[in-house]
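*Asks:* predicted model follows, preceded by the sequence.
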Amino acid sequence: MTDLSTPERLLDDARVAGEVFALRPDYRAALLAVDGIVPGPSDEAGEALLQEAEAAARRALGERPVEQLPHVAAWRDAYRAFGAKPQRTRNSLEALLRRASTGLPRVNRLTDLYNAVSVLHQIQLGGEDLSRYRGAPRLARATGAEPFDTVAAGAPVIEHPEPGEVVWCDDAGVTCRRWNWRQGRRTGLAEDTTTALFILDALAPLTDEALHAAVEDLAARLARLGPEVRITHRLLTAGPTSAQGD
């Protein structure tokens, strides 16, 4: 298991492969490692935030179709760059926005929070249980041999990504397929999660300032989830990277 006493070390070892930056030199990943969370199920604060996000989505989609929102369109182009069809494989932000009119999913305290922040800031955002990680997170293009622990037809199953697919993974296999399309079962957030990793994926035209605002908003909301919450974050880019702890 990952050494949770040193989230800074985990983030220090996080990597994005050069072949991914070759696809999208404008790609930026903001990673937040959070421990000390008081675990719990969906709650009233999460419900209020989800309702705020649903209202924001309705306003955004009243102005233009979802596929024309700038950050959704950028991710559709990124998916095409590694062979995925965005009409069939929807990036996580587009999938959430399409569900907003009938209601965003209510899953658990942490998932509700990050889904709402994703919609409010129109940014791709994923969350993982850090205690289930083996080694540091890394983003790379798959060989096709990596295991992906998921569910099909209601039963656990091991699948494999397509060769060349962009995947987040650790030493045990894939944690999220197609950049931010589908997260795995092994590292999924649950009601008893106390340590978590959040990944915000950004492409142009989303600015550095907008990415920073989303990180700050997420961190502020996570800090309310317990008196001993500790947050460390790091920005991964094609250029110099930065790290910071709270």
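*Replies:* Received, thanks.

*Asks:* can you give me the helices for the protein?
*Replies:* Counting by DSSP state H, the chain forms helices over residues 7-13, 18-23, 44-63, 70-81, 92-100, 109-121, 208-222, given from the N-terminal end onward.

*Asks:* where does pLDDT dip in this structure?
*Replies:* 1-5, 240-246 (pLDDT under 70).

*Asks:* what are the bridge partners for the residue nearest to the spatial centre of the chain, then?
*Replies:* Computing the C-alpha centroid of the chain and ranking residues by C-alpha atoms, centre = their mean puts residue 126 first, at 1.9 Å. Using DSSP bridges, the bridge partners assigned to residue 126 are residue 199.

*Asks:* from residue 153, how far off is it?
*Replies:* 24 Å (C-beta to C-beta, to the nearest Å). (C-beta placed from N, C-alpha, C; glycine too.)

*Asks:* show me what contacts the residue nearest to the centre of the chain?
*Replies:* Residues in contact with residue 126 (C-beta atoms under 8 Å, 6 or more residues apart in numbering) are 92, 114, 168, 176, 180, 183, 198, 199, 201.

*Asks:* residue 187 now?
*Replies:* 128, 129, 132, 133, 170, 175.

*Asks:* the last one against residue 130, yeah?
*Replies:* No: at 10.8 Å, residue 175 does not count as touching residue 130 under the criterion of C-beta atoms under 8 Å.

*Asks:* near residue 170, how many other residues are there?
*Replies:* The criterion is other C-beta atoms under 10 Å. On that basis, residue 170 has 21 neighbouring residues.

*Asks:* my bad, should have said residue 105
*Replies:* Neighbour count for residue 105, taken as other C-beta under 10 Å: 11.

*Asks:* so who does it touch?
*Replies:* Listed by C-beta under 8 Å, 6+ apart, the contact partners of residue 105 are 99, 111, 115.

*Asks:* tell me which two of the contacts of residue 126 sit farthest apart.
*Replies:* The largest distance within the contacts of residue 126, taken as C-beta to C-beta, falls between 114 and 168 and amounts to 14.9 Å.

*Asks:* which of those two has more neighbours?
*Replies:* Here residue 114 and residue 168 are set side by side on neighbour count (other C-beta under 10 Å), and the busier one is residue 168, at 26 against 22.

*Asks:* mind checking how far that one is from residue 192?
*Replies:* Distance from residue 168 to residue 192, by C-beta to C-beta: 22 Å.

*Asks:* kindly report the same for residue 224.
*Replies:* On the measure of C-beta to C-beta, residue 224 and residue 192 end up 19 Å apart.

*Asks:* closest to residue 216 among the contacts of residue 126?
*Replies:* Ranking the contacts of residue 126 by separation from residue 216, with C-beta to C-beta as the measure, puts residue 198 on top at 12.6 Å.

*Asks:* OK, contacts around the closest one?
*Replies:* Remark: with contacts taken as C-beta under 8 Å, 6+ apart, residue 198 is in contact with 31, 32, 34, 114, 125, 126, 127, 128, 218, 222.
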